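Undergrad: This is the structure alone, sequence omitted:
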Ligand code: M6R
């Protein structure tokens, strides 16, 4: 049932505020986080290894910033199909964490099995609690996204990010790397996310216009720094999956090391740049794109828009959000851009060619 929406993907995008609100009604308590007792004490963990495929891999890349920044824990992130065949050494006091919406992805499951008997703890972040990955982990954390039907993951990605951030907060608490007040603040700010996401969804009309232009492009670049770098890659993956437009996500700072050679007046460049600690750096990369006639779609907040918005060909304004939470908000424009571009092209949004919802063969 699409609940009045044209596609399951549209429905799943629209229900994110309520799904996230419900997930956090479960996870956030008055004083902390409602996690199962089987979770390790992160004081006893020296290394965190995150493994996943596709969109779940980008959730892991985002989580690396959170775990490093909040909990000062060394984090390695890998694609499951590479991890499993590399036979990497697993250091003592390693927790291995597998992220999978379906919980059945063949490569992710094989990577988990590789870690059995090697890692101190096997954790998973899944949407399907009865899945193989959930059953074979020491502790499975449900993302509580509800059934996701669209092949392009949207609400599951958001809910993966949510649980991974909660886990990073717990790790920071265990390791004493942030004060209880600081962590309580972040948890409180997380309560405002459903409202902020609702506001972000109001960018849909502006997004439709931009998407019309994108639908004529053959290549699109996505740029971001810090927490926006994985989001740039996620935005590019989403766009290529459902609109079949070639898209790549890059770290803004890598632009001049190669990809800027691709920029000409036919290349839309989506720049994800909230007014955060890295804003000025990203904007100077954006200006390099403009100087080469690239057509910039700038996604920023009102402060960023008033400083620099007039330089961009297209401007999408997001509500203000604390930096640490920004991925949970900027996921929305990435999804909307892909969705409306696919709609403008008339492709099969929910069942894109060559793709399956659950990849149970390698
Ligand atoms: O079920 P999983 O989370 O393990 O699936 C991983 C990927 O196959 C999945 O995220 C894929 O990249 C999506 N189609 C992305 O939209």
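TA: Good, I have the coordinates. It should be emphasised that the depicted structure is a prediction, and the values quoted were computed from it without experimental measurement. Residues are numbered from 1 along each chain as shown.
Undergrad: Just give the number of residues close to the residue in the stretch 251-362 of the chain that the ligand sits nearest to.
TA: Nearest to the ligand, among the residues of the stretch 251-362 of the chain, is residue 359, at 4.8 Å (C-beta to the nearest ligand atom). Heads up, the C-betas are built off the backbone N, CA and C, glycines and all. Per other C-beta atoms under 10 Å, the neighbour tally for residue 359 reads 17.
Undergrad: One more: residue 110?
TA: By other C-beta under 10 Å, 16 other residues sit near residue 110.
Undergrad: quick one: secondary structure of residue 96?
TA: strand (DSSP: H, G, I helix; E, B strand; the rest coil).
Undergrad: Next, find the distance separating it from the ligand.
TA: According to C-beta to the nearest ligand atom, to the nearest Å, residue 96 and the ligand sit 15 Å apart.
Undergrad: Next, count neighbours for the residue in the stretch 1-150 of the chain that the ligand sits nearest to.
TA: Of all residues in the stretch 1-150 of the chain, residue 54 sits closest to the ligand, at 2.0 Å by C-beta to the nearest ligand atom. Residues contacting residue 54 under the criterion other C-beta under 10 Å number 21.
Undergrad: is it true that it touches residue 153?
TA: Yes: counting by C-beta atoms under 8 Å, residue 54 touches residue 153, with 7.4 Å between them.
Undergrad: tell me how far whichever strand or helix holds residue 162 is from the chain's mean position?
TA: Taking DSSP states H and E as the criterion, the element that holds residue 162 is helix 155-175. Helix 155-175 sits 12 Å away from the centroid of its parent chain (C-alpha atoms, centre = their mean, to the nearest Å).
Undergrad: State the distance from whatever residue of the stretch 201-350 of the chain ends up closest to the ligand to residue 28.
TA: Residue nearest to the ligand within the stretch 201-350 of the chain (C-beta to the nearest ligand atom): residue 241, separated by 5.5 Å. Distance, residue 241 to residue 28, by C-beta to C-beta, to the nearest Å: 32 Å.
Undergrad: Next: residue 113.
TA: From residue 113 to residue 28 the distance is 33 Å (C-beta to C-beta).
Undergrad: the more surrounded of these two?
TA: Remark: of residue 113 and residue 28, residue 28 carries more neighbours, 17 against 14, as counted by other C-beta under 10 Å.
Undergrad: bridging residues for the more buried one?
TA: residue 33 (DSSP bridges).
Undergrad: ok, now which ones touch the closest residue in space to residue 204 that isn't next to it in sequence?
TA: Nearest residue to residue 204, sequence neighbours excluded (C-beta to C-beta, 6 or more residues apart in numbering): residue 336, at 5.9 Å. Residue 336 makes contacts with 13, 201, 203, 204, 207, 211, as judged by C-beta atoms under 8 Å, 6 or more residues apart in numbering.
Undergrad: Please, which helix or strand holds residue 336?
TA: helix 326-345.
Undergrad: chain center to that helix, what's the gap?
TA: With C-alpha atoms, centre = their mean, you get 12 Å for helix 326-345.
Undergrad: what is the orientation angle of that helix with helix 155-175?
TA: Inter-element angle recorded for helix 326-345 and helix 155-175: 170 degrees (by axes from the mean of the first three to the mean of the last three C-alpha atoms, to 10 degrees).
Undergrad: now the strands for this structure?
TA: Using DSSP state E, the strands of the chain run over residues 47-52, 75-79, 94-100, 121-126, 139-142, 219-224, 246-251, 268-272, 295-301, 314-318.
Undergrad: Can you give me the neighbour number for the closest residue to residue 240 other than its chain neighbours?
TA: What sits nearest to residue 240 in space, not counting adjacent residues and going by C-beta to C-beta, 6+ apart, is residue 247, at 4.9 Å. Taking other C-beta under 10 Å as the neighbour definition, residue 247 ends up with a count of 26.
Undergrad: May I have the residues that are in contact with residue 247?
TA: 219, 220, 221, 222, 235, 236, 237, 239, 240.
Undergrad: how does it look with 7 Å?
TA: 220, 222, 236, 239, 240 (C-beta atoms under 7 Å, 6 or more residues apart in numbering).
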